[in-house]
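# Got a predicted structure plus its sequence, pasted below:
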Amino acid sequence: MKGYLGKDRQRTAQHVTATHATVTKLTRKIEGHGHKLYMDNFFSSPELFDDLVKKQIYCCGTVRSNRKGMPQDLKPKTTKLKRGDIRVRTRAELTAILWRDKRDVCMLTNIHSVPAEGNFCNEGRKAVKPHIVMDYNRHMGYVDKGDRTANSYSINRHTFKWMKNLFFHLLDLAILNSYILHSSCGGKKMSHRDFRYTLVRNMLAHAGPEQRIPRPLGRPPDVESHVARLEVCSSKHWPIPSETQLRSRVCKARGVTKKVFVKCRKCEVGLCIKKHVLKITTQRYSSNNIRCDLLKKTWGLNPICK
């Protein structure tokens, strides 16, 4: 498996497309064994088919009519076909066909025999599928059906990070493969949807009950639980907000009249701050429409608490 990360600069310098280089790298281990490879129009091209047939890897798939090396007269814009018409062009072992059903289908193969040209419809005027188209649908149907089934209940969500898209896509494929193995091994018959529900229930039962973190009820805790302890001259003051104005003990002793909204929890006296000594860092506190600015640095106070 290789994730497509955009154009490969090293391969582009060698005049090889990114899709060509990707298929060549993925098929490196099956060279020389005569395997048959089916692919969609994103990868297939005449140059890729010619390169793989030299390594005994034979290919079949839909192809875009504007690919380099495709016959010019098989382009839908230059060729108008009726329902059931087939146009065939060959080059050595490579065969290109253009078949018209509800829309134009362009295919490339070096596995099948060359079909006959003409108009082929049944009695109900429905187009008869060429054997190349039938063989392609039979083999590519597994891939298309797998993608369709996995995307029916996909857990992927739109994101700009390709790593998340790749992870959730691989997780969907793993669940789908588990469902196929469960059905093929004689397990209980259930739909893909019920299988996913059962898988989720078993995973939740294995994980056990959720551990909920208790949240405190009521109002948030007081400020003193968040303020670090202040040490001044071997004394310990714990500041808490005061709902009433208090006179600072230190300012009062110095003959300064000053009222504050901060007090010591232990000694119940007002605490004053010398702002010219401190680096101011504040924390807002509101209680009963009263706002106090608390400073968390060293307090310039004499020992008060006994």
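That came through fine. For clarity, every value in this text was computed on a predicted model and none was experimentally measured.

# ok, and what's touching stretch 113-123?
Stretch 113-123 is contacted from outside by 82-88, 90, 95, 97, 127-128, 130-132, using CB atoms under 8 Å, 6 or more residues apart in numbering. Backbone N, C-alpha and C define where each C-beta goes, glycine included.

# hmm, which of those residues are the buried ones?
By neighbour count, with 16 or more other CB atoms under 10 Å, the contacts of stretch 113-123 hold G84, D85, I86, R87, V88, T95, I97, A127, P130, I132 as buried.

# you'd agree the fourth one is in a strand?
Yes: assigned with DSSP: H, G, I helix; E, B strand; the rest coil, R87 falls within a strand.

# got a pLDDT number for it?
We have a pLDDT of 90 for R87.

# wait, doesn't it sit right on L74?
Yes: the criterion here is CB atoms under 8 Å, and R87 meets it with L74 at 6.0 Å.

# Between those two, which contacts overlap?
Common neighbours of R87 and L74 (CB under 8 Å, 6+ apart) are L98.

# okay, the buried ones among the contacts of stretch 113-123 in TSV with distance to K68 next?
Formatted as TSV, these follow (distance: CB to CB, whole Å):
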residue	distance to K68
G84	29
D85	25
I86	23
R87	19
V88	20
T95	17
I97	18
A127	29
P130	24
I132	22
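
# Give me the secondary structure label for S154.
Under three-state DSSP, the three-state class of S154 is coil.

# cool, and the one 4 residues further on?
Following three-state DSSP, the label given to H158 is coil.

# give me every residue that touches the residue in the chain sticking out farthest from the centre.
Relative to the centre of the chain, the most outlying C-alpha is that of G255, 69.7 Å out, by CA atoms, centre = their mean. Applying CB under 8 Å, 6+ apart to G255 gives no contacts.

# Assumed it was part of a helix.
No: under three-state DSSP, G255 sits outside any helix and is assigned coil.

# Mind picking the two most distant members of the contacts of stretch 113-123?
Across the contacts of stretch 113-123, the longest distance by CB to CB is 23.7 Å; it joins R83 and T90.

# hey, where'd the helices end up in the stretch 151-300 of the chain?
162-184, 192-207, 249-253 (DSSP state H, counting those that start in this stretch).

# what about stretch 53-64, how long is it end to end?
End-to-end span of stretch 53-64 (CA to CA, to the nearest Å): 20 Å.

# can you pull the buried residues of it?
For stretch 53-64, by 16+ other CB under 10 Å, it's V53, I57, Y58, C59, C60, G61, T62, V63.

# Among those, which are located in helices?
Using DSSP state H to define helices, the subset of these located there is V53.

# So what does N156 have for phi and psi?
phi -80, psi 150 (degrees, to the nearest 10).

# Count residues in the vicinity of it, would you?
15 (other CB atoms under 10 Å).

# nearest spatial neighbour of it, skipping sequence neighbours?
F168 (3.8 Å; CB to CB, 6 or more residues apart in numbering).

# How about the contacts made by that neighbour?
By CB under 8 Å, 6+ apart, the contact list for F168 reads S154, I155, N156, R157.

# Could you single out the nearest of those to C251?
Of these, the one sitting nearest to C251 (CB to CB) turns out to be R157, at 62.3 Å.

# Near the closest one, how many other residues are there?
Count around R157 with other CB under 10 Å applied: 8.

# Kindly provide the distance from the closest residue to it other than its chain neighbours to K161.
Leaving aside its sequence neighbours, R157 sits nearest to F168 (CB to CB, 6+ apart; 7.6 Å). As judged by CB to CB, to the nearest Å, F168 and K161 stand 11 Å apart.

# just for the stretch 101-250 of the chain, where's the confidence low?
Applying pLDDT under 70 to the stretch 101-250 of the chain flags residues 142, 144, 219-237.

# what about the longest strand seen in the chain, distance to the chain center?
For the chain, the strand with the greatest residue count under DSSP state E is strand 239-247. The chain centroid and the centroid of strand 239-247 are separated by 55 Å under CA atoms, centre = their mean, to the nearest Å.
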